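Peer 1: Build me a model:
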Amino acid sequence: MVCVSGIKSVPGLVSTIGYYGGYFKTYGYMFNSVIHMISVYTVVLVTLQRYIAVCQPHQAKKWANIKTARYEVIGITLFSCLFYLPVRPFQRSVYWNEAKNRYDARFTDFGSTFSFKVGYMVIAYYILIYIIPLSILVFTTYQLIKSLKRLRDRKAEMTGAGGAGGGKKDEVTLSLITVVIVFTVCQLTNPVRHNIAFVCVFLWLFTKKMDQHFWCHFALVTQAF
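Peer 2: The predicted structure is shown next:
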């Protein structure tokens, strides 16, 4: 909401965005999606690196190092670009809307097909953005928690102090676990928000039992958080 207020405060920016809205819908959303996928798999990469260092230390020298991480980041970036950039021009097209006197966007014939919407926009998207990364994060985080518990129990037995604290490496691992848990919760809210918005539109279109403005505003509020 702060960002929206900031945009509105810039003279002429809102009208400019509205005039070229078709380009923002087509290409702005595309780059936003690429950045989102890169951020998701970067978190997965960092978690995997920590998992290897803690739970598979004999593999750490080979896989958990700066050189390997650089290649993996490059691979993540290329994969994210290939998943979105080549498809977007075939999914949406920009046209001049005479009625609204602005550029607008619409689905192409290919982008409107049922097989494309289900296969790419639903199945491939949810598998690559949610199912695969979240499954990896859940598994690695669980293994890291188990490893931390074993290390602390072992230290407690060796020192004879039940409240023995962990070292700096344990603190780094614990901080990463916290970040991953927060990230996972935030990721899970995205499909929930989209489904809520879909339900609101469905109720507005098919029930007509409440004011259409209520459902539209409610759907927008769910997308804002």
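
Peer 1: Please enumerate the helices of the chain.
Peer 2: For the chain, the helices defined by DSSP state H occupy 2-9, 13-19, 21-23, 29-55, 60-63, 66-84, 88-91, 114-116, 125-126, 132-159, 168-206, 212-224.

Peer 1: Can you add distance to Thr108 and give those back as JSON lines?
Peer 2: C-beta: built from backbone N, CA, C; applies to glycine. As requested, those are arranged in JSON lines below (distance: least, CB to CB, whole Å):
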{"stretch": "helix 2-9", "distance to Thr108": "29"}
{"stretch": "helix 13-19", "distance to Thr108": "22"}
{"stretch": "helix 21-23", "distance to Thr108": "13"}
{"stretch": "helix 29-55", "distance to Thr108": "14"}
{"stretch": "helix 60-63", "distance to Thr108": "42"}
{"stretch": "helix 66-84", "distance to Thr108": "15"}
{"stretch": "helix 88-91", "distance to Thr108": "6"}
{"stretch": "helix 114-116", "distance to Thr108": "9"}
{"stretch": "helix 125-126", "distance to Thr108": "18"}
{"stretch": "helix 132-159", "distance to Thr108": "28"}
{"stretch": "helix 168-206", "distance to Thr108": "22"}
{"stretch": "helix 212-224", "distance to Thr108": "24"}
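
Peer 1: Tell me which of the ones you listed approaches Phe107 most closely.
Peer 2: helix 88-91 (6.7 Å; CB to CB).

Peer 1: so who does Pro133 touch?
Peer 2: 40-41, 43-44, 187 (CB atoms under 8 Å, 6 or more residues apart in numbering).

Peer 1: So which of these wins on neighbours?
Peer 2: Tyr41 (23 neighbours; other CB atoms under 10 Å).

Peer 1: Give me the number of neighbouring residues for the nearest residue to that residue once chain neighbours are set aside.
Peer 2: Closest residue to Tyr41 apart from its sequence neighbours, by CB to CB, 6 or more residues apart in numbering: Ile76 at 4.5 Å. Number of residues near Ile76 (other CB under 10 Å) recorded here: 18.

Peer 1: What backbone torsions are found at Gln56?
Peer 2: Reported as degrees, to the nearest 10, the phi and psi values for Gln56 are phi -130, psi 60.

Peer 1: Any chance of a markdown table for the helices of the chain, columns distance to Phe107 and mean pLDDT?
Peer 2: Output for the helices of the chain, formatted as a markdown table (distance: least, CB to CB, whole Å; pLDDT from 0 to 100):
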| stretch | distance to Phe107 | mean pLDDT |
| --- | --- | --- |
| helix 2-9 | 26 | 42 |
| helix 13-19 | 20 | 55 |
| helix 21-23 | 12 | 71 |
| helix 29-55 | 13 | 89 |
| helix 60-63 | 42 | 84 |
| helix 66-84 | 16 | 93 |
| helix 88-91 | 7 | 78 |
| helix 114-116 | 9 | 85 |
| helix 125-126 | 15 | 88 |
| helix 132-159 | 27 | 85 |
| helix 168-206 | 16 | 70 |
| helix 212-224 | 20 | 46 |
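
Peer 1: nearest to Tyr103, of those?
Peer 2: helix 21-23 (3.8 Å).
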